[in-house]
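Enquirer: Here is a sequence with its predicted model. Questions after.
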Amino acid sequence: MGEVLAARNEYRAQNWFLVIQECRASGLTNREFCRQRGIPEKKFYYWLRKLRTQALEAAPPQLVQISPEAVREDMLQIHFRGAELLLPGNIDLDAVVAILRSIQSV
């Protein structure tokens with residue numbers, strides 16, 4: 001019985017992943033997308049949070065060593081979840097940690 005539940009949960013996760021991708025590609029706000037598709041917003045956000053949590057657990061953020069040639073002078077460049085964050089090189093490291101934690105919790 002556990003295998004059936006696991007398969008069902010995987011199927012649902014895949015479906016919701018596709019729905020969320022469709023929402024992102026639509027250019028609509030989450031609210032408008034849900035309204036047009038007849039999807040309860042609470043359910044949309046539940047699955048969004050669940051899939052993000054699963055993704056973080058599967059591949060937590062890692063520090064990657066880069067070569068000096070790849071670094072712009074006086075700039076800190078961070079790539080995370082397909083986004084790029086470019087910060088001044090003299091930024092306070094505590095601020096960087098706070099930014100990364102806030103991004104991770106979204």
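Expert: Received it, and whenever you're ready, just let me know what you need.
Enquirer: going forward, measure contacts between C-alpha atoms and count neighbours the same way
Expert: OK.
Enquirer: Quick check: buried residues in the lengthiest helix in the chain?
Expert: Scanning the chain for the helix with the most residues, using DSSP state H, yields helix 2-26. Of the residues in helix 2-26, 13, 16-17, 19-20, 23 count as buried by neighbour count, 16 or more other CA atoms under 10 Å.
Enquirer: Now render those as CSV, adding pLDDT and distance to Glu41.
Expert: CSV is the format used below for the buried residues of helix 2-26 (pLDDT from 0 to 100; distance: CA to CA, whole Å):
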residue, pLDDT, distance to Glu41
Ala13, 91, 16
Trp16, 94, 13
Phe17, 93, 15
Val19, 94, 12
Ile20, 93, 12
Cys23, 93, 12
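Enquirer: Which strands and helices lie in contact with the longest helix of the chain?
Expert: The contact analysis (3 or more CA pairs under 8 Å, 6 or more residues apart in numbering; DSSP states H and E) places helix 2-26 against helix 30-37, helix 41-58.
Enquirer: buried residues in stretch 29-38?
Expert: Neighbour counts using 16+ other CA under 10 Å place 30, 33-34 of stretch 29-38 among the buried residues.
Enquirer: List the contacts of that stretch.
Expert: Outside stretch 29-38, the residues within contact range by CA atoms under 8 Å, 6 or more residues apart in numbering are 23, 26, 40-41, 44.
Enquirer: wait, which of those residues is closest to Phe80?
Expert: Using CA to CA, Cys23 comes nearest to Phe80 of the contacts of stretch 29-38, at 20.2 Å.
Enquirer: Please report how far that closest one lies from Tyr45.
Expert: Separation of Cys23 from Tyr45 (CA to CA, to the nearest Å): 12 Å.
Enquirer: Export the contacts of stretch 29-38 as JSON lines, with columns for distance to Ala58.
Expert: Listed next are the contacts of stretch 29-38 as JSON lines, based on distance: CA to CA, whole Å:
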{"residue": "Cys23", "distance to Ala58": "23"}
{"residue": "Ser26", "distance to Ala58": "27"}
{"residue": "Pro40", "distance to Ala58": "27"}
{"residue": "Glu41", "distance to Ala58": "26"}
{"residue": "Phe44", "distance to Ala58": "21"}
